[in-house]
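Colleague: got a structure for you, letters missing:
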C-alpha cells in the first residue's frame, strides 16, 4: 500500500539534470554542514558533495513543486559490489523550508519503485543516526526494519558519540505481465 | 586477553610492501574468484583487486612465515566518512594452504591493536556471509557481536541468496603512558 501525502499532487519527482545542481547543493549543503544526519565532513567541498551525491551513485532525483522549485533530492546506488549489488542504498534530503509536506515520504516511495525497476531486491540504510527520530519513524512506516544497532558509530556535533541503525527492507519484485 | 596460536612464533605480521603484491594476489585471487566470502566480482581484474585491497585502504598488512612466505593479508580503512570515520573496517584472507595455523586469528588480533594505534574506537564488518561459519565463529571468539542480520544480502554462487551479518566490536582505547 502506498502512503499518500495530502500535498502529493504538488510534488513531482524526476531525474536530476545538470542545471538542477545549484538548487540541489543549496538544499544539501546546510545538512552536510550541520553534521547531524550524514557522516560526510561538515567541511565538505561542493565538488566532493557533487561526487558523492550525483557522480558516484547510479542515479539522483529531485522532488520539485509546480514551479520546478527543488524541495528535496535522493540518490540510489548499489550498496556493495557484484555479489551484494542486488541490495541498493539511498540517501534523502529535504529542504528545511519544505518539511512537513510529505516530500521525504514521496521520495522514499519513489526510490523503492525505482529500485525495483532497476532490479534491486532490497534496500539498506547503513547509518541511520539514532537521534534522527523523524527519519527512523518514517522509514519504519515505509516498511523498513531496524536490523542492527551500531553502538556509538556516529560522532554527533552536539550529542557526541551516538548509536546508528542499519535499516533494511526486502522489495517485492513484481513480474511484469507480458501481453 | 589475547588468543594465542600454537604456531604463533612462526607468523610475523608486517605492512605490505610493493614487492609483496604478486604473492598477495596469488592468495586473494582464488578467494575472489570463488565468490563465497567477498562481494567483489568473481571476474575482478588484478588492477581492480589492487585498488580495493591496497590502494584504497588506509593500510594493508601481510602475515609471513619464517621464510617471508605470505600466509595471509588484511586491510584496514575507515568504514564511513568523517563523522563515522572513528569506526574501521577490515578484510582478511588466508592462503588456503595455510589454514588451521591461526593466521586469521593472529591477523584479527593484530588489526585490533593497529586500529587502536590509529585512533579507531570500533571495528565493523559489513557483510559477513552467514554460510562462512568459520569466520563468524572466529570473529565471535575475538569479541565481535552479530549486531545485525541482512536477509538475503549476498548472492552465493552455490547457495543462492543467503543472509549476511553485520559484526561490530567497540575497541578499548588505552591511554599511553608518557614517561
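Modeller: Ah, there it is. What you see is a predicted model; the values in this text were computed from it and never measured.
Colleague: what residues does chain A put near chain B?
Modeller: A:35, A:38-42, A:80-87, A:121-122, A:124, A:126-127, A:147-156, A:161, A:164, A:166, A:168, A:170 (CB under 8 Å from any CB of the partner chain). (Each C-beta comes from the backbone N, C-alpha and C, glycine too.)
Colleague: are any of the residues you listed buried, and which?
Modeller: Buried subset of the residues of chain A next to chain B (neighbour count, 16 or more other CB atoms under 10 Å in any protein chain shown): A:35, A:38-41, A:80, A:82-87, A:121-122, A:124, A:126-127, A:147-156, A:161, A:164, A:166, A:168, A:170.
Colleague: The residue in chain A that chain B sits nearest to sits in which helix or strand?
Modeller: Nearest to chain B in chain A, going by CB to the nearest CB, is residue A:148, at a distance of 2.0 Å. Assessed by DSSP states H and E, residue A:148 sits inside strand A:145-156.
Colleague: hey, where'd the helices end up in chain A?
Modeller: A:21-34, A:46-50, A:103-117, A:133-141 (DSSP state H).
Colleague: any idea of the mean pLDDT for the first one?
Modeller: Confidence over helix A:21-34 (mean pLDDT, whole number) is 98.
Colleague: Can you list the helices and strands that that helix packs against?
Modeller: helix A:46-50, strand A:59-64, strand A:70-78, strand A:87-94 (3 or more CB pairs under 8 Å, 6 or more residues apart in numbering or on different chains; DSSP states H and E).
Colleague: Pipe these into a markdown table and attach mean pLDDT and distance to residue B:139 per row.
Modeller: Shown next, in a markdown table, are the helices and strands packed on helix A:21-34 (pLDDT from 0 to 100; distance: least, CB to CB, whole Å):
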| stretch | mean pLDDT | distance to residue B:139 |
| --- | --- | --- |
| helix A:46-50 | 98 | 33 |
| strand A:59-64 | 98 | 35 |
| strand A:70-78 | 98 | 25 |
| strand A:87-94 | 98 | 21 |
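Colleague: Format those as a markdown table; extra columns: distance to residue B:97.
Modeller: Shown next, in a markdown table, are those (distance: least, CB to CB, whole Å):
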| stretch | distance to residue B:97 |
| --- | --- |
| helix A:46-50 | 43 |
| strand A:59-64 | 44 |
| strand A:70-78 | 33 |
| strand A:87-94 | 33 |
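Colleague: Identify all contacting residues around stretch A:156-166.
Modeller: Contact with stretch A:156-166 is made by A:34-36, A:42, A:124-131, A:136, A:146-155, B:83-84, B:86, B:121, B:147-148, B:150, B:166, as judged by CB atoms under 8 Å, 6 or more residues apart in numbering or on different chains.
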